[in-house]
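Novice: okay, here's the prediction I keep looking at, along with the sequence it came from:
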Amino acid sequence: MTTATIVDRKGHVIQNPHFVDWLFKSPTAGWLWLLPRLWLGWQWIEAALHKIDKPEWVQTGDAVKGFWTGAVQVPEVGRPTVAFDWYRSFLQSMLDAEAYRWMAPLVAWGEMLVGIALILGAFTGIAAFFGALMNWNFMMAGTASSNPMLFLIAVGLIMAWKVAGYIGADYFLLRWIGVPWRWRGEVVDDRGVREVDRVVVDG
């Protein structure tokens, strides 16, 4: 497989700054991502611990029902909680379908699973993605709180998925399982790095 590159007018490949390559590709950067990953994981676990033993989260779904009901309200004066009409319509359709009955336990246990995966450094990029997805939905529904900070860290972990869990279970998982998008005939060196990633352009 050939990889498309962006070149300048002299034909030189435009590369990332060395720090960016180090931050998102170097195994030693795993130490830098360790603390944010552990902190984010604990935030999710702590949030889940306040939900998984409560009937309104794991049985009736009333917690999510109440949250959605408040979010879809449009006040006569002032701005509505949900800024986008299409998202408000989406929440209303979920309410009408009583989707809160399965969404509430999914959120509660999803938060726990995301937190555990991040703490262990297992499938870090995937865990961070689903965490960011929950943060995004909370923010879209009008809840800021700590969600912007959690979302920002999650995006960083997603971008650094190859190394963010290196000091963790991903050290073994990425070696044993690999990734599904490795192309037949792709050239790799003994560290599993594509040759195209190591091209250096003089000048």
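Specialist: Great, that's in hand. Since the model is a prediction, treat every value here as computed from it, not as a measurement.
Novice: quick one: the residue nearest the centre of the chain and Ala164, what's the gap?
Specialist: What sits nearest the mean C-alpha location of the chain, by CA atoms, centre = their mean, is Phe129, with 2.1 Å. Applying CB to CB, to the nearest Å, the value for Phe129 to Ala164 is 12 Å. Glycine gets a C-beta too; all of them are placed from N, C-alpha and C.
Novice: check Met139 too.
Specialist: 22 Å.
Novice: those two - which one has more neighbours?
Specialist: A count of neighbours by other CB atoms under 10 Å puts Ala164 above the other of Met139 and Ala164, at 27 against 16.
Novice: quick one on the thing from earlier: just give the closest residue to the residue nearest to the centre of the chain, not the sequence neighbours.
Specialist: Ile158 (5.6 Å; CB to CB, 6 or more residues apart in numbering).
Novice: pLDDT on the strand or helix carrying the one you found, on average?
Specialist: Assigned by DSSP states H and E, Ile158 belongs to helix 147-159. Predicted confidence along helix 147-159 averages 98 (mean pLDDT).
Novice: which elements pack onto that helix?
Specialist: Packing contacts for helix 147-159, counted by 3 or more CB pairs under 8 Å, 6 or more residues apart in numbering; DSSP states H and E, involve helix 30-49, helix 124-140.
Novice: other residues contacting that helix?
Specialist: With CB atoms under 8 Å, 6 or more residues apart in numbering as the test, helix 147-159 has contacts from 24, 33, 36-37, 39-40, 43, 118, 124-125, 128-129, 131-132, 135-136, 138-139, 164.
Novice: and the closest residue to Ile167 other than its chain neighbours, how far is that from Lys10?
Specialist: Sequence neighbours aside, Gly30 is the residue nearest to Ile167 in space, at 4.5 Å (criterion: CB to CB, 6+ apart). According to CB to CB, Gly30 stands 36 Å off from Lys10.
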